[in-house]
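Asker: using only what follows, build the 3D model:
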Amino acid sequence: MAASMAANRPRPSPIITQEIPVKRHLVAALSVAVLAALQPATAANEPFKSEVKARQGLMQVYAFNLGTLAAMAKGNKPYDADAAAAAANNLKLATQMKNGGMWPKGSSLADPEMDKRTDAKPEIWEAGSKIGERSKALGTAVASLAQSAGNGLDALKAGVGETGKACKGCHDDYRRKR
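Answerer: You can find the predicted model right below:
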């Protein structure tokens with residue numbers, strides 16, 4: 001009897017069962033459209049926000065790994081060959097990253113809207129800038145550091161010194177003094 005009652009129940013219309021997913025898709029599509037419409041206004045209020053955050057994040061990765069190595073080199077942290085090699089290799093990988101998209105022209109402190117969000121000087125983008133040479137010097141110093149960091153404290157100290165000079169060479173000319 002229960003089987004015959006179930007068979008006699010009215011079945012929902014296919015239109016009704018499809019209406020709910022359609023509404024969900026419509027709401028999702030409208031939400032995306034609204035967010036897309038708001039995006040230009042947000043971008044206009046905060047130009048290059050994601051690019052500046054990305055390059056600041058990259059600098060944090062540099063600072064974190066170089067900080068670990070410098071602490072060992074200065075004796076503030078015990079030398080650990082494996083940890084030194086790992087930090088130096090992290091630096092090497094970070095310097096090999098193609099990061100030109102993080103540095104669009106106009107994203108320097110010369111723009112009043114950018115002044116509080118970046119320390120990058122406009123000289124980076126000027127004709128005759130040596131930023132490319134400085135970047136290559138950093139890559140070379142870090143590659144050498146990655147080869148030597150796990151080979152003893154003296155090798156680490158020499159590599160950290162050369163890497164620090166490469167960082168300073170760029171920061172002295174292309175970053176606002178803090």
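Asker: now do the residue positioned nearest the centre of the chain against residue 48, distance only.
Answerer: For the chain, residue 54 is the residue whose C-alpha lies nearest the centre (C-alpha atoms, centre = their mean; 3.5 Å). According to C-beta to C-beta, to the nearest Å, residue 54 and residue 48 sit 10 Å apart. All C-beta spots, glycine's among them, are computed from the backbone N, C-alpha and C.
Asker: and what of residue 175?
Answerer: For residue 175, the distance to residue 48 (C-beta to C-beta) stands at 16 Å.
Asker: and if you look at residue 106?
Answerer: With distances taken as C-beta to C-beta, residue 106 is found 7 Å from residue 48.
Asker: send the alpha carbons of stretch 108-117 over as PDB?
Answerer: The C-alpha trace of stretch 108-117 is given here as PDB (Å, rounded to 0.1, in the frame of the first residue of the first chain):
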ATOM      1  CA  SER A 108      56.700  55.400  -7.800                       C
ATOM      2  CA  LEU A 109      56.500  57.700  -4.900                       C
ATOM      3  CA  ALA A 110      56.500  60.700  -7.300                       C
ATOM      4  CA  ASP A 111      52.700  60.200  -7.700                       C
ATOM      5  CA  PRO A 112      51.000  61.900  -4.700                       C
ATOM      6  CA  GLU A 113      48.600  58.900  -4.500                       C
ATOM      7  CA  MET A 114      51.500  56.500  -4.300                       C
ATOM      8  CA  ASP A 115      53.700  58.400  -1.900                       C
ATOM      9  CA  LYS A 116      52.400  56.800   1.300                       C
ATOM     10  CA  ARG A 117      52.300  53.300  -0.300                       C
END
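Asker: wait, residue 80 touches residue 72, no?
Answerer: Yes. Between residue 80 and residue 72 there is a contact under C-beta atoms under 8 Å: 7.1 Å.
Asker: neighbour-wise, which of those two wins?
Answerer: Between residue 80 and residue 72, counted using other C-beta atoms under 10 Å, residue 72 has the larger neighbour count: 22 against 13.
Asker: in space, what's closest to the more buried one - neighbours in sequence excluded?
Answerer: In this structure, residue 72 finds its nearest non-sequential neighbour in residue 79, 4.9 Å apart by C-beta to C-beta, 6 or more residues apart in numbering.
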